[in-house]
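[1] Test case, fold it:
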Amino acid sequence: MPLPPAKTRSRDLSVSPGWCRRASRSAYEYVALWFGLGLLAALSLAWSLLAIPFYALLPKSLANRLGRWAITVMCRAYLGILGLVGACRFDIQALDALRGGPPLVIAPNHPGLLDALLVMSRLSDLACIMKVDIVDNVFLGASARLAGYIRNDAPLSMIRQAIAELKNGNHLLLFPEGTRTTRWPVNACTPVAALIAGRARVPIQTVFIESDSAFLGKGWPLWRRPTLPITYRIRLGRRFAPPQQAGEFTAELERYFSEELRNSPLPPPAGQS
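    Predicted coordinates for the structure are as follows:
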């Protein structure tokens, strides 16, 4: 009796629609990542090169106003582009309530590298205390010097300059943690904000920067792809009277940040809950 012919199976070379969507999404996120980082580098370098002659030629007060205004325009344009390409969603308009108001020490938490840009994009009457390696950076140094931002490498000079800015009617941006958050929800706070606000006799306005991603947080490599879009939200917290005792106030400030951030409307970034 003849055997029936063996059945042959054709190899299934089709690709599932789900796999295609995941691959397309991954490719988009990589493109958006490098586009965003490249755009920031290009804008920063271009303005720093333009800032060099302005810094050399303009009187200090005029140079500072021009530098701060230009940084606000650049930051707002950059964040706007990130929103247009779908990389990020921003809800940061709460800062507008501080514009044109009395001088304040603006004290946000510090989850990622974009934090200062978020604040600067809404407020141009702003002095900023910066790490010395940022002020000396080829991409940011000349623009930071034109804006009159304050280096943090000489504590007494830093405090004097910060007080002078506040007495001149400007806001001062200062991150009480001193560096990006490594211990969720907030690092130990330093007494610098209390010392400056106490001596200048100005209030401390707390600000909460919240995100659903740990993108560009401490230890996040630049080349690591985030899940997009990333949501950023800023809300204003309590405004504290000028502190009398720096140590006691700093402990109170840290407790306040910790309690508020643990009750954030946004979930903590993955791995930080």
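[2] What lies in contact with the helix or strand hosting Met74?
    Using DSSP states H and E, Met74 maps to helix 60-84. Residues from elsewhere that reach helix 60-84, judged by C-beta atoms under 8 Å, 6 or more residues apart in numbering: 36, 39-40, 43-44, 47, 51, 54-55, 58, 88-90, 92, 117-118, 120-127, 143-148. To be clear about C-beta, it is placed using only N, CA and C from the backbone, and glycine gets the same treatment.
[3] buried ones in that helix?
    For helix 60-84, a neighbour-count test (16 or more other C-beta atoms under 10 Å) marks 63-68, 70-72, 74-75, 78-79, 81-82 as buried.
[4] Check what contacts the next helix or strand after it and list those residues.
    The helix or strand immediately downstream of helix 60-84 is strand 88-91, counting by DSSP H and E. Contacts to strand 88-91, defined as C-beta under 8 Å, 6+ apart, come from residues Leu79, Leu82, Gly83, Leu118, Leu228, Pro229, Ile230, Thr231, Tyr232, Arg233, Ile234.
[5] In helices, which of the residues you listed fall?
    Among these, the residues falling in helices (DSSP state H) are Leu79, Leu82, Gly83, Leu118.
[6] Quick check: the farthest pair among the contacts of strand 88-91?
    Using C-beta to C-beta, the two most remote members of the contacts of strand 88-91 are Leu228 and Ile234, lying 19.4 Å apart.
[7] longest strand in this structure, by residue count?
    Secondary structure of the chain per DSSP state E: the longest strand is strand 230-240.
[8] so it versus helix 60-84, what angle?
    With axes from the mean of the first three to the mean of the last three C-alpha atoms, to 10 degrees as the basis, strand 230-240 and helix 60-84 are set at 140 degrees to each other.
[9] Distance of the spatially closest residue to Arg238 that is not a sequence neighbour relative to Arg262?
    Leaving aside its chain neighbours, Arg238 sits nearest to Thr206 (5.5 Å; criterion: C-beta to C-beta, 6 or more residues apart in numbering). From Thr206 over to Arg262 the distance is 15 Å, taken as C-beta to C-beta, to the nearest Å.
[10] Who has more neighbours out of those two?
    Taking other C-beta atoms under 10 Å, Thr206 and Arg262 do not tie; Thr206 has more neighbours (22 against 12).
[11] Of the contacts of helix 60-84, which qualify as buried by neighbour count?
    36, 40, 43-44, 47, 51, 54-55, 88, 90, 92, 117-118, 120-127, 143-148.
[12] follow-up on the earlier one: okay if I get the ones in helices among the contacts of strand 88-91 as TSV plus pLDDT and distance to Thr179?
    Converted to TSV, the ones in helices among the contacts of strand 88-91 look like this (pLDDT from 0 to 100; distance: C-beta to C-beta, whole Å):
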residue	pLDDT	distance to Thr179
Leu79	97	23
Leu82	95	24
Gly83	95	27
Leu118	98	17
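[13] quick check, nearest of these to Lys167?
    Checking these one by one against Lys167 (C-beta to C-beta), the nearest turns out to be Leu118, at 26.1 Å.
[14] who's in contact with the closest one?
    Contacts of Leu118 by C-beta under 8 Å, 6+ apart are Cys75, Leu79, Phe90, Ile92, Ile209, Tyr232, Ile234.
[15] Let me know the closest of those residues to Gly178.
    Gly178 has its nearest neighbour among these in Ile209, at 15.1 Å by C-beta to C-beta.
[16] Tell me, how many residues neighbour Ala41?
    Neighbours around Ala41, by other C-beta under 10 Å: 12.
[17] can I assume it is in contact with Phe139?
    Yes - with contacts counted by C-beta atoms under 8 Å, Ala41 reaches Phe139, the gap being 6.0 Å.
[18] contacting residues around the spatially most central residue of the chain?
    The residue lying closest to the centre of the chain (C-alpha atoms, centre = their mean) is Asp115, at 1.1 Å. Taking C-beta under 8 Å, 6+ apart, we find Asp115 in contact with Pro108, Asn109, Phe175, Arg180, Ile209.
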